[in-house]
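Visitor: how would this look folded up:
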Amino acid sequence: HIEHNNMDNFVKSLVIFATLVLVCNADPLACQPNSQFPMLPTFHIIGNVTKNSDGTIKLEPINDCSGITYKDGIYHVWHQCCQNHWDHVISRDLIHWQRLPPPIQPLTLKTWDGSISMLGNNDPKGPVMIYDAQDGKLSHDEKYHSDNVSAPLDRPILGIARLIDPNDKYLMKWSRAEFNPVQFTQGPSAGIAFPGPIFKNGDHWDFIGQGSLFSSADDTFDKWTRKDGPDGKTVMAPLGGGHENSGQWMMPVPNTVDGSPAPSGSGAPNVIINTAGGNRYVFAIWDNTTETLQPWTAPTGAPPTGQIANLEHGHASWWGASGGTDNNGRAMMIGWATPDFHGDGGPGIGFLTRLTALREVNYEVKSQNLVANPVPELKGLRASSIAQETAVSLSSNKTYVIQGTSGGAAASADVELNFTGWASATSPVTIEACVLGSGNGSGIGLTIMIDPTSKTASATSGSCTPTLAQPPGTANVSRMMNNTNFPHGDMFDKEFPAGTGPEACQALCDHTETCQAWTFLKRGPNNGMSCCIKGPISGDGCPIPAKGMWSGAKTPGVVPCGGPKPPPPPPSASFPLFDEETLTVRMLADRSVADFFIQGGRWAGTTAWLSKDARAPEDSQISINTLSSGIQVDIGAWAMGCGWLTPSYTDNPTL
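Guide: Below is the predicted model of the structure:
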């Protein structure tokens, strides 16, 4: 009888052990099979996933990001959830993530936006959050807010939260300050929303929000003084002023990708700071003594408000960023990958949101600007090779499908494309690459327009197109075209001396706001040169062959010339190619979102699924197309593994 009981206990133990093994080896809930959930990313951050008893899942919606920080070997991404509170995910390797409970839950009213500061990772009280409080009480001046509160309760009402245990490497449990909301010494009208991280400056503490500088005399952070100049100008005014969240992300100028030094010495910038949205930065010089910002305009062509870096050209928005001692000496950014998807995202999912891939930001010496790329650790998530091809010759306007990428094989994939042959072209080159496609035009695509003459390129991301054939009434134009004339659309002429080159006419167009194109030609008995500045090209204004003339468009690419041209993209949408002969493209495809990076991150953009119809599980085709001949490409494609730990959500972190 005793032996029988022992055997029963032994069998039960085996069953329990086997069950534990199965649980431990199970895929994280955040990584659902492509066959059932073809819209749910597996290596981009998504909201908390819980499984219902009927096999459907509940997915929490997530949105705005509030920064990336580092403590004791662990990276933290902070973002909003459910339009009413902060959320928190952690990783040790920047590849596998684990979601923790929300650091601060909403009370009577909502809690959102703001930032977290690690205070140099050496403050005995630990890090601090400053956030749009909405904690159920409006202000110390109730009349002001009773007269001014408006939906969505985004009036400047800031709160403070501190880590309960300053030694907690997981940064899990936070306590709201009893005095919340904070007081502004000049009254509540001096307050702002979207506060940046708090930083120590001598005997006091500062933060920048909506372009203004605020200071506090002690580390309770209960009272703040707005320090605009006597003329009302903000600290951000020399950099172009302050917008909704200008100044929220200020950090040291980041390291270079290859280890080369960033600008240094007298007059060199020591910070980058966002001027809008968390993706547009200017280089600046921050003076601790005077607490002022001055622009860095050293690069040729930099505006007086400072050299500008636009790190997002896709559809993503509401970025969070951190660098310096707050984030292990590395500058990183992450954003809300829009548009959100309203529709069937899989059993139980009717509304799908996700974040962009985590990017590392570096200074590039060659372009004297910032570049943004996936964190290098992400290559460690490559699970298997899908395709490796070299020197593939592309036929003009004939789609090349990368073998092995259909049928769901590349639903979550990392793709590298290296294009050659374009540098020797005599006319503009257009290339499109498409991921998550079906072969009939669905998917997310990247279109690149290269001007070999000016050695620049521009790009856009959006829905894939079945072909790149130009419709009637369009022309493929570059910034400098020989033996070409734009015959119509003249606004005015300017005469130049004999021997002047066409670059003078091009420069005149660049500095004329209404100029869309130009033509440069000899005119008159003394061989003087005439620059014809063109407005919107209409009628039969497409460029035509004209021996001895030079022409160009302000913006290269395929443009309509049967009617008014659309406004040109901002200057930062184009990027230099210098003397390079290889165009590099990296694409991260993840079921319903794609991140694109061109030429080492000089151009970066994220676009989420644009169609109203959900992607089919088998739609994962990667394809390439070009309008030009003589283009070759080297191809590498890898399937990506799951970017979550088991469990993907926990009260007890396993890192």
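
Visitor: you'd agree residue 326 is in a strand?
Guide: No: applying DSSP: H, G, I helix; E, B strand; the rest coil, one finds residue 326 to be helix, outside a strand.

Visitor: can you map out the strands along the stretch 401-550 of the chain?
Guide: 412-420, 429-437, 444-451, 456-463, 474-477, 481-485, 490-496, 517-522, 529-534, 544-553 (DSSP state E, counting those that start in this stretch).

Visitor: pLDDT on the third one, on average?
Guide: So that's strand 444-451. For strand 444-451, mean pLDDT is 93.

Visitor: Next: the shortest one.
Guide: The average pLDDT within strand 474-477 is 76.

Visitor: Only the buried residues of it, if you could.
Guide: 475, 476, 477 (16 or more other Cβ atoms under 10 Å). Where you see a C-beta, it was placed from the backbone N, CA and C, and this is true even at glycine.

Visitor: Verify the contact between residue 326 and residue 197 for me.
Guide: Yes: with contact defined as Cβ atoms under 8 Å, residue 326 counts as touching residue 197 (6.6 Å).

Visitor: Overlap of the contact sets of these two?
Guide: Residues touching both residue 326 and residue 197 (Cβ atoms under 8 Å, 6 or more residues apart in numbering) are 67, 117.

Visitor: Surely residue 589 and residue 434 touch.
Guide: No: counting by Cβ under 8 Å, residue 589 stays clear of residue 434, with 9.6 Å between them.

Visitor: Are there residues contacting both of those two? Which ones?
Guide: 444, 622.

Visitor: Following the helix or strand of the chain with the lowest mean pLDDT in sequence, what is the next regular element?
Guide: None of the helices or strands of the chain scores lower by mean pLDDT, DSSP states H and E than helix 2-25, at a mean of 43. Where DSSP states H and E defines the elements, the next helix or strand beyond helix 2-25 is strand 49-51.

Visitor: What are the buried residues along the helix or strand following that following strand?
Guide: The helix or strand immediately downstream of strand 49-51 is strand 57-59, counting by DSSP H and E. By neighbour count with 16+ other Cβ under 10 Å, strand 57-59 contains the buried residues 57, 59.

Visitor: Strand 57-59: how far from the chain's middle?
Guide: Its chain's C-alpha centre and that of strand 57-59 lie 26 Å apart, by Cα atoms, centre = their mean, to the nearest Å.

Visitor: Renumber starting at 32 from here on
Guide: Right, with 32 as the first residue, what we last looked at is strand 88-90.

Visitor: quick one: average pLDDT of it?
Guide: So the average pLDDT for strand 88-90 ends up being 95.

Visitor: what's near enough to touch the residue nearest the centre of the chain?
Guide: For the chain, residue 343 is the residue whose C-alpha lies nearest the centre (Cα atoms, centre = their mean; 4.3 Å). The contact partners of residue 343, taken as Cβ under 8 Å, 6+ apart, are 308, 310, 311, 350, 366, 403, 635, 636, 637.

Visitor: which strand is the longest one in this structure?
Guide: Identified as the longest strand of the chain according to DSSP state E is strand 413-425.

Visitor: Kindly give the local confidence score, pLDDT, for residue 524.
Guide: Model confidence at residue 524, expressed as pLDDT, equals 87.

Visitor: Kindly report the same for residue 169.
Guide: pLDDT for residue 169: 48.

Visitor: about what we covered before: how much space between the residue nearest to the centre of the chain and residue 241?
Guide: Distance, residue 343 to residue 241, using Cβ to Cβ, to the nearest Å: 20 Å.

Visitor: quick check, nearest of the buried residues of strand 505-508 to residue 576?
Guide: residue 506 (12.2 Å; Cβ to Cβ).

Visitor: dump the residue contacts of the nearest residue to residue 409 once chain neighbours are set aside.
Guide: Closest residue to residue 409 apart from its sequence neighbours, by Cβ to Cβ, 6 or more residues apart in numbering: residue 126 at 6.4 Å. Counting by Cβ under 8 Å, 6+ apart, residue 126 touches 74, 408, 409, 411, 412, 674.

Visitor: Looks to me like the fourth one is in a helix.
Guide: When you say that, I think you mean residue 411. Yes: counting by three-state DSSP, residue 411 is part of a helix.

Visitor: Distance of it relative to residue 126?
Guide: 5 Å.

Visitor: where in this protein is pLDDT low?
Guide: 32-58, 138-141, 165-187, 472, 497-504, 555-556, 568-572, 592-604 (pLDDT under 70).

Visitor: Do a quick rundown of the helices in it.
Guide: Applying DSSP state H to the chain gives helices spanning 33-56, 173-179, 534-541.

Visitor: Show me which parts of stretch 239-251 are buried, residue by residue.
Guide: 239, 240, 241, 242, 243, 244, 245, 246, 247, 250.

Visitor: just stretch 410-419 next, same as before
Guide: Buried-residue list, stretch 410-419, by 16+ other Cβ under 10 Å: 412, 413, 417, 418.

Visitor: Do I have it right that the last one meets residue 664?
Guide: Same thing as residue 418. No: between residue 418 and residue 664 there is no contact under Cβ under 8 Å: 11.5 Å.

Visitor: Name the nearest residue to residue 413, sequence neighbours excluded.
Guide: Spatial nearest neighbour of residue 413, chain neighbours left out: residue 669 (3.9 Å); criterion: Cβ to Cβ, 6+ apart.

Visitor: ok, now residue 163?
Guide: residue 144 (4.4 Å).

Visitor: and what of residue 414?
Guide: residue 672 (4.1 Å).

Visitor: now do residue 204
Guide: Excluding its sequence neighbours, the residue lying closest to residue 204 (Cβ to Cβ, 6+ apart) is residue 195, at 4.5 Å.

Visitor: how close does that neighbour sit to residue 680?
Guide: Residue 195 is 21 Å from residue 680, where distance means Cβ to Cβ.

Visitor: More neighbours: which of these two?
Guide: residue 680 (19 against 11; other Cβ atoms under 10 Å).

Visitor: Quick one: residues contacting residue 233.
Guide: Counted by Cβ under 8 Å, 6+ apart, residue 233 has contacts residue 319.

Visitor: Please repeat the previous calculation with a cut-off of 10 Å.
Guide: 319, 320, 322 (Cβ atoms under 10 Å, 6 or more residues apart in numbering).

Visitor: May I ask you to confirm that the last one is in contact with residue 236?
Guide: In this case it means residue 322. No: Residue 322 is beyond contact range of residue 236, at 11.7 Å (criterion: Cβ atoms under 10 Å).

Visitor: Compare the two (neighbour count), which wins?
Guide: residue 236 (20 against 16).

Visitor: Now the more buried one. Nearest residue, chain neighbours left out?
Guide: Distance criterion Cβ to Cβ, 6+ apart; nearest residue to residue 236, sequence neighbours excluded, is residue 247 at 4.8 Å.

Visitor: Tell me which residues touch the one you found, please.
Guide: For residue 247, the contacting residues are 161, 191, 213, 216, 229, 235-238, 253-256, by Cβ under 10 Å, 6+ apart.

Visitor: Out of these, which sit inside strands?
Guide: 161, 191, 235, 236, 237, 238, 254, 255, 256.

Visitor: separation between the residue nearest to the fifth one when sequence neighbours are not counted and residue 449?
Guide: Going back to what we said before, that points to residue 237. Excluding the flanking residues, the one nearest residue 237 by Cβ to Cβ, 6+ apart is residue 246, at 5.2 Å. Note on residue 246: its distance to residue 449, by Cβ to Cβ, is 50 Å.

Visitor: Equivalent analysis for residue 543, please.
Guide: Distance of residue 543 to residue 449, computed by Cβ to Cβ: 37 Å.

Visitor: What residues sit buried inside stretch 204-213?
Guide: 205, 207, 208, 211, 212, 213.
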